[in-house]
Structures are given as structure tokens and as C-alpha cells.
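> Structure for the following, please:
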Amino acid sequence: MELLVTDLDVWAGECSICGVVEVQEKCAKCGGPVKKLAVSIEEILGTMEKNADSLKKMLELTIPKIDTERDCACKHTLAGAII
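Below you'll find the predicted structure:
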């Protein structure tokens, strides 16, 4: 399962020769010009939707595997605490 991020507009640029590269004046690989990439609101919302779906699936798979029976001393840590 993969969680996606939308940080391309922060670091990414496009070199006509090398493809997606880190934003700089010139491509570190070939020396060609780098055009800064922009992310549209549609791309951001689409990625957020995929992230929400992926997170939901991950939680559905993970939560049932959590052991609810504690056999360590930590379960008594707050027994005398006043909150």
C-alpha cells in the first residue's frame, strides 16, 4: 500500500531531456534548462482522495491486528494518577 504526497510544486522541475528533476536554473544531470512544475487543485484533490482511501484501507487492515490484551506493567502506570 502506498501513500501519496503532493509536494511536486515544492521541489520538482522538468528538464526536456531528463524528465522530472530537482528545481534549479540548470539540470544537474545534463545542464539543460529546468522548467518549474506546478500542481493543479484537481491534482491535489485527487491525491488527497487517494490518500484518504489508502489510509482507510491501512487502518482497516491494521486495527484488527492490534493486541488488546496487555501483559506488561504499563497498563498500571496511571492507576494512582490524579487528572
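> residue ranges for the strands of the chain, please.
For the chain, the strands defined by DSSP state E occupy 12-15, 19-22, 34-36.
> Pick the most deeply packed of these.
Mean neighbour count (mean count of other C-beta atoms under 10 Å) peaks for strand 12-15 among the strands of the chain, with a mean of 18. Bear in mind the C-beta positions are built from the backbone N, C-alpha and C, glycine included.
> Check what contacts that one and list those residues.
Strand 12-15 is contacted from outside by 20-24, 27, 29-30, 32-37, using C-beta atoms under 8 Å, 6 or more residues apart in numbering.
> and the residues you listed as JSON lines, adding distance to Ala81 and pLDDT?
Listed next are the contacts of strand 12-15 as JSON lines, based on distance: C-beta to C-beta, whole Å; pLDDT from 0 to 100:
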{"residue": "Val20", "distance to Ala81": "52", "pLDDT": "92"}
{"residue": "Val21", "distance to Ala81": "54", "pLDDT": "94"}
{"residue": "Glu22", "distance to Ala81": "50", "pLDDT": "92"}
{"residue": "Val23", "distance to Ala81": "51", "pLDDT": "90"}
{"residue": "Gln24", "distance to Ala81": "54", "pLDDT": "91"}
{"residue": "Cys27", "distance to Ala81": "58", "pLDDT": "96"}
{"residue": "Lys29", "distance to Ala81": "58", "pLDDT": "94"}
{"residue": "Cys30", "distance to Ala81": "62", "pLDDT": "97"}
{"residue": "Gly32", "distance to Ala81": "63", "pLDDT": "95"}
{"residue": "Pro33", "distance to Ala81": "62", "pLDDT": "96"}
{"residue": "Val34", "distance to Ala81": "56", "pLDDT": "95"}
{"residue": "Lys35", "distance to Ala81": "58", "pLDDT": "92"}
{"residue": "Lys36", "distance to Ala81": "53", "pLDDT": "88"}
{"residue": "Leu37", "distance to Ala81": "51", "pLDDT": "84"}
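> Cool, thanks, signing off.
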